[in-house]
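[1] this one's sequence-less:
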C-alpha cells in the first residue's frame, strides 16, 4: 500500500473533529455540524471547481458526520468522482464513502460499476484491491450480476498478484453467500481447487474459505479438493515452526489454515484412495502426538492455537467414525481436558465426548471417565459446563451404568439450575424407560422425579408412566401401592395427584385387601387433594371416582354424595359440572353390568415411539443432537416401550361420551401421531406435531386447485388436523389479518375482508427455505353441513402455482358466501414436496360466524327494550369464566370492536360493563345479537351474556368469545 504523504493529513478534518469533541452539549454539536454541512454544500455547489484534495477532505467530513448518526443526503456524486482519481488516498476515500453510504438501489450504481470495472481492468494491484473490497462490502445482487463472471477470471489468472488473489477469493465468497445463483464456477472449478497448491499461504487461506463454502453446496464438483487438502495439511503438520516463519503464530505453524483444511475435509467421507487416507491418518496421529508434547510457550495464545487444531482434528475423527484407534486416542485426550483449569477447554471436551459416546468404537472409552463427569456435574461453577456434563452422562448411559447415572441426575436435579431442569427431567425419564429391567425401579424413579421436580415434569412424562404401567401386568400392583404411599405426603405435587388418581382408579382393587389401603381410605386420600388441584386434575379425579364405583360398590353412596353437592353439579366450570352430572346419572341408572362394560379396565396401548423422546429431540443444543435412539433400547430387549400415545384419560372418560374435555385435560386419549416424512436439519421442523388429533374425517366438500367446489374427499390420504388448529382459529376471532401458521418450512399469512354476507380471503404461502416446494397444492374442504347448507361459493379465483421457489411467496384468493348460521370452520389442506419428501398438513380456516356481523348503533332505551324482547331461555347463552388474558380496558374494547359489533357507550348502568350490538347477515335471514360483558377485576373473572334471535348463534358466539378474554 502506498505511503501517505504529509500533504494528505487533511488539517481541516482534524480541526472539525476536534471542534466536535470539544462541544459541551448535544445542541452545540448539532449547531457545529449544521454549520459544516452548510459550508460543504456551498463548496460543492460553487462555481469554482474543487481539486481532488478538497473533495476528499469534504467527503471525509460527511462520512464522519454520518458515523455520528446524522443523515447525509448529498455528496454522493463527489465521492463517485473520487473513484476516477489516480491518487490512492482519494480513490480510497471514494470507495470508503460508497461502501458505507450508497445502497444497492441508488441511481449511482451504474456509474460506480463503471468505475469499478475500470479499476479491475487497470492491472494496478492497489486499485484492483480497492475495487474488490468495495464489491464485497456492498455485496448487492446488482454487484453480483455485474462482476460474478469477472472475479473468477482475476482469481485464477497467472499474472494476478497474490494480494489481489486473496481479495478476489474473499470477494467471490461474499457474493456467493448473498447471490449463490449468480456465482457459477463452471469452467473455473478445477483451477480454483488448484489454488490449494499455491505457494503463497495467504492465497491458500483465502481460497480454502471459498472452496469450503462451495463444497457444502456442490460437494461432487469440488471432491478433487480432498487429496490437495490432505497434501497441504501434511506439509503444515510435518513442518517445524521455523519453516513457515511468516505464518507461524506463537510456535504453531499456520493454525488458521490448518483448522480450515480440517473443516473442509469434514464436508466429505473418508478418502477412498488408500495412499491419501494413510497420509491423512498420519496427519491426525501427528496432531494427537503434538498435543501430548510439553508446550513451547506459556502464553495463552500458544495453547489456544494448538488446541484449536486439536479439536478440529477430533471433529474430523468423529466425522469419519471409522478409525477405532484414533477414536480411542481422541477420547483419552479429551479425558485429560476434563480436569483442566481452563473452563472453555472443559466445556469443549465435554461437548466433543457427547458425540464420541455415540460411536461403537469409543463408547467404552468414554464410560471410563464417568466419575470425572459426575464430579463435574456436582462441582462446576459454570452452568453451561454442568449442562454439557449432564448431556455427556445421558449420552454414555447404557444398561450397565443406568442406575448409577439416573441416581446422580436425580440427585443433581434437587439443586439444578432452573434453565435446564425441564431437559434434565426428560432425560431422566427416557433413561429410566429405556434401560429399565426391573419395572418397579422405573416406577420409583418417575415418582421420585415428580417429587423432586414436579413443576418441570411435562404431561408427556406422566402419560408415559401410566401407559407403561397399563401395558405391564407385573408392575400394576406395585405401582398402585407406591403411588398410594406417595400421596400420603402432606405436600404432594399436582402431577403426583394425576398419576395417583389414574392408577388407583384403574388398579386400586389390587391393594384394597390391606385395611390400610381399603377402598374408602383410597377415596378419602384422593379427595383430600381435590380442592387444591386445577380444573383438569379435578376432572381426572372425578373420572377416578366413577371408576371407584365400578371397582368398589361399597363406596357408591359416599361418591354419589360428593358428585351431588352444589360445588360439583353447579360448578362454574362447564367441564366439571358436566362430568359431575353425567357421572352421577350414570351411577344412578346404569345396571352393574352396564357400569362394568362402560368403565372396564383400560386396554394396553399400541406400541409407538415415546413422546418424551420426540419432545427432547425438539430441544436445541448438543444434548439433543446426541440423543440415543430409543429403538436401540428395543433391540436390547427393552420391551418397556409398549405404550402408545393414547392418553390415560381416554378410556377413563369414556363413561361420558357427550363430555368435551378442556384442552389441558384432554390427556393423550384422543390423540395419536400423524404420518411424518423426513424433515430437514432438525426435529423442530416437523409439519405435524406428534400429538395432533387423528380422528376419522367426516365426508366433506372440497375446493380443489381449479377453484371449484368438489363433493369428493380432498385426497385419499388426508393430513391429520393440526393439534393447535383450534388455537390458531381462536387467534383470528377478533382480527382479520395476521400469520395463521408458521414452522421452519412454511409460513401462511391471511388477509380477509367481509361485507354483509360476503367475504374475500387472501392466503399468502411463503417458502422460508432456500429449496423450492414442488407439487404444491391446496384444498379447502367444508365438513358436515358446511357443504350444502352453511357455506357456499367457497371458490379460489385461480389455482396456486405448483412450484414455490426458495424464499418466494404465492397468493391465493377465496370468495365466501354465508347462506345461514354455522358452527364448524372450513379446513385447509396443503401438500407439497420438500427435498423429495411429501409434506402434508391440515388446519382450520378462520371463517367464523361473527365475521358476518354488521355493527348496529343503539340508544340505552332501545338496547334494553330489545334485550327484554329476547327473553326466551333458548335465546340466551351465558358463561362465567376466569380471565385468560390481561383485563386492560383498551385491549377489551379493541377485541369487542374486532368482533364486528358496535361497542355502545353510556348504555349499561354500570360503567365497568361493556355492551355491544350487531346483526349477522346471512343470505337467508338476519340474526340480531346483543352482548353484555361484565368484568370482575378483583376476582379476575368475567360473566358473558349473549341474546340472539336464533339460539344456535348465541351458543356459538358464547363459545368463541369465552376464549378471547
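    Sure, I can see it. None of these values were measured; they are calculated from a predicted model.
[2] so for whichever strand or helix holds residue 557, what's the average pLDDT?
    Here residue 557 sits within helix 556-564, counting by DSSP states H and E. Helix 556-564 carries an average pLDDT of 90.
[3] Go through the next helix or strand after that helix and flag the buried ones.
    Next along the chain after helix 556-564, taking DSSP H and E as the criterion, comes helix 566-569. Residues of helix 566-569 classed as buried by neighbour count (16 or more other Cβ atoms under 10 Å): residue 568. C-beta here means a position set from N, CA and C on the backbone, and glycine is covered the same way.
[4] go on, stretch 217-225?
    The neighbour-count check on stretch 217-225 (16+ other Cβ under 10 Å) flags 222, 225 as buried.
[5] Next: stretch 742-762.
    Quick answer for stretch 742-762 (16+ other Cβ under 10 Å): 743, 745-750, 752, 754, 756-757, 759, 761.
[6] try stretch 295-308
    Those buried within stretch 295-308 under the rule 16+ other Cβ under 10 Å are 302, 303, 304, 305, 306, 307, 308.
[7] could these be laid out in TSV, adding pLDDT, secondary structure and distance to residue 146?
    Shown next, in TSV, are the buried residues of stretch 295-308 (pLDDT from 0 to 100; DSSP: H, G, I helix; E, B strand; the rest coil; distance: Cβ to Cβ, whole Å):
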residue	pLDDT	secondary structure	distance to residue 146
302	89	helix	45
303	89	helix	46
304	91	helix	41
305	91	helix	39
306	91	helix	44
307	91	helix	43
308	92	helix	38
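[8] ok so, going back, and the helix holding residue 557, what does it pack against?
    Counting contacts by 3 or more Cβ pairs under 8 Å, 6 or more residues apart in numbering; DSSP states H and E, helix 556-564 packs against helix 519-527, helix 535-551, helix 574-589.
[9] who wins for proximity to residue 150 among those?
    In terms of Cβ to Cβ, the element of the helices and strands packed on helix 556-564 nearest to residue 150 is helix 535-551, at 66.4 Å.
[10] what is the orientation angle of the closest one with helix 574-589?
    Helix 535-551 and helix 574-589 are oriented at 10 degrees to each other (axes from the mean of the first three to the mean of the last three Cα atoms, to 10 degrees).
[11] just use 58 as the starting number from now, easier for me
    That works, and once the first residue is 58, the last one we named lands at helix 592-608.
[12] Farthest pair within the buried residues of stretch 799-819?
    Longest span within the buried residues of stretch 799-819, Cβ to Cβ: 802 and 813, 37.5 Å.
[13] hang on, residue 613 packs against residue 606?
    Yes. With contact defined as Cβ atoms under 8 Å, residue 613 counts as touching residue 606 (5.0 Å).
[14] Now for these two: what residues contact both?
    Residues touching both residue 613 and residue 606 (Cβ atoms under 8 Å, 6 or more residues apart in numbering) are residue 644.
[15] Comparing those two, which residue is more hemmed in?
    residue 606 (24 against 15; other Cβ atoms under 10 Å).
[16] Give me the neighbour count for residue 97.
    20.
[17] helix or strand right after the helix or strand harbouring it?
    Here residue 97, judged by DSSP H and E, is contained in helix 83-102. Using DSSP H and E, the next helix or strand after helix 83-102 towards the C-terminus is helix 109-124.
[18] Contacts for the helix holding residue 97, please.
    73, 76-77, 80, 107, 111, 115, 118-119, 122, 125, 127, 131-132, 135.
[19] Out of those residues, show me where the pLDDT dips lowest.
    Lowest pLDDT among those: residue 107, 83.
[20] That one: what's it in contact with?
    Residue 107 neighbours (Cβ under 8 Å, 6+ apart): 100, 101, 115, 135.
[21] What is the helix or strand hosting the last one packed up against?
    Okay, so that is residue 135. Element membership for residue 135, per DSSP H and E: helix 133-139. Applying 3+ Cβ pairs under 8 Å, 6+ apart, one finds that helix 133-139 makes contact with helix 109-124, helix 145-158, helix 166-177.
[22] swap the cut-off to 6 Å and go again
    helix 109-124, helix 145-158 (3 or more Cβ pairs under 6 Å, 6 or more residues apart in numbering; DSSP states H and E).
[23] Check which residues of the first one are buried.
    For helix 109-124, burial by neighbour count (16+ other Cβ under 10 Å) applies to 109-122.
[24] For the residues you listed, give me a markdown table that also has distance to residue 909.
    Output for the buried residues of helix 109-124, formatted as a markdown table (distance: Cβ to Cβ, whole Å):
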| residue | distance to residue 909 |
| --- | --- |
| 109 | 71 |
| 110 | 73 |
| 111 | 70 |
| 112 | 66 |
| 113 | 67 |
| 114 | 68 |
| 115 | 64 |
| 116 | 62 |
| 117 | 64 |
| 118 | 63 |
| 119 | 58 |
| 120 | 59 |
| 121 | 60 |
| 122 | 57 |
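[25] circling back to that earlier point, distance to residue 995 added to the helices and strands packed on helix 133-139, as CSV?
    Converted to CSV, the helices and strands packed on helix 133-139 look like this (distance: least, Cβ to Cβ, whole Å):
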stretch, distance to residue 995
helix 109-124, 55
helix 145-158, 58
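[26] Compare those helices and give me the one nearest residue 384.
    Taking Cβ to Cβ, helix 145-158 is the member of the helices and strands packed on helix 133-139 nearest to residue 384, at 47.3 Å.
[27] Residue 393 is in what secondary structure piece?
    Counting by DSSP H and E, residue 393 is part of helix 381-394.
[28] ignore the last one, residue 552
    helix 551-564.
[29] quick check: angle from that helix to helix 576-584?
    Using the same axes, to 10 degrees, helix 551-564 lies at 150 degrees relative to helix 576-584.
[30] what's helix 551-564 packed up against?
    helix 516-528, helix 530-544, helix 592-608.
[31] same thing but at 8 Å, please
    Helix 551-564 packs on helix 496-510, helix 516-528, helix 530-544, helix 576-584, helix 592-608, helix 706-709, going by 3+ Cβ pairs under 8 Å, 6+ apart.
[32] Show me how far that helix is from its chain's centre.
    33 Å (Cα atoms, centre = their mean, to the nearest Å).
[33] quick one: low-confidence parts of the stretch 708-857 of the chain?
    By pLDDT under 70, the weakly predicted segments of the stretch 708-857 of the chain are 708-776, 841-855.
[34] 90 instead?
    Residue ranges of the stretch 708-857 of the chain with pLDDT under 90: 708-804, 806-857.
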